[in-house]
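> Next comes the sequence, and after it the predicted model I'd like to discuss.
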Amino acid sequence: MALSHAEHRNGNSVAAFEAERFYKRAQQLYLLDGNDEQALAVIDSALRIDPGKSKALVLKAEILFSSGSYRQALAVIQSAIETRPNWSEPYLSLANILSVIGNYTHALEACNQGIQRLSDQSSYLLPSLLEQKLSLLLRLRRFKEVQKTLRFAAHQLNEAEYTALEATFNQLRKQHRPKALSGAGPLTLL
């Protein structure tokens, strides 16, 4: 017997609710309890119900990443991007993963793609994307782009966000500075 449209819709709602419940439980296990193994099992339950649940894919990639399974994390985050290509959050995760495995050029591309895809709902990611981008530019020794990114940040971030980015940037700069310049003072960005 075929389901009516309303019954089908209600079934989808129940499944979506269950997938969300598993997602939130996995978040708790991962973020609050630090139980990566159990969080991974629970997030897999959410993905069995809703394989296209982008935020569940991002969480799974983050769990895999934190447990050192970088290649698996990379495959999962790429699935999240394929599922929802205009969402900026997976690009930040992708940049982090690529940076850790030493693929700095592609990590920078991921940051740029994340910035291009920011929306009002995801604008909170801009400081993190800019921080990651600055770190990568320093590592790649692309100093002209660093200055351009800092000017962009000065126009896009509020004062508190920019001040935090400035402090982080000065720490990053110390890490990537040649030994001969290590005695120089902090950089003032504005």
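Alright, I've got the coordinates. Predicted, not measured: the structure shown is a model, and the values here were computed from it.
> for Ser69, phi and psi?
Dihedral pair for Ser69: phi -90, psi 70, per degrees, to the nearest 10.
> going forward can the numbers begin at 55, since that is how I track them
That works, and once the first residue is 55, the last one we named lands at Ser123.
> quick one: it and Lys107, what's the gap?
Computed as CB to CB, to the nearest Å, the Ser123 to Lys107 distance reads 20 Å. Just so you know, the C-beta spots here come from the backbone N, C-alpha and C atoms, and that holds for glycine as well.
> Same drill for the two, tell me which one is more crowded.
Neighbours were counted for Ser123 and for Lys107 using other CB atoms under 10 Å; Lys107 has more, 22 against 16.
> so who does the more buried one touch?
By CB atoms under 8 Å, 6 or more residues apart in numbering, the contact set of Lys107 is 73, 77, 100-101.
> so can I have CSV of the residues you listed showing secondary structure?
Formatted as CSV, the contacts of Lys107 follow (DSSP: H, G, I helix; E, B strand; the rest coil):
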residue, secondary structure
Ala73, helix
Tyr77, helix
Ala100, helix
Leu101, helix
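> can I get the residues you listed in JSON lines with pLDDT?
As requested, the contacts of Lys107 are arranged in JSON lines below (pLDDT from 0 to 100):
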{"residue": "Ala73", "pLDDT": "93"}
{"residue": "Tyr77", "pLDDT": "95"}
{"residue": "Ala100", "pLDDT": "96"}
{"residue": "Leu101", "pLDDT": "96"}
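> Could you identify which of the residues you listed has the most neighbours?
Counting by other CB under 10 Å, top hit in these: Ala100 with 24 neighbours.
> close enough to count as contact, it and Ala110?
Yes - using CB atoms under 8 Å, Ala100 is in contact with Ala110, at 4.6 Å.
> Find the residues that touch each one of these two.
73, 76-77, 80.
> and those as a markdown table, adding distance to Val130?
Putting these into a markdown table (distance: CB to CB, whole Å) gives the following:
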| residue | distance to Val130 |
| --- | --- |
| Ala73 | 16 |
| Phe76 | 16 |
| Tyr77 | 14 |
| Ala80 | 13 |
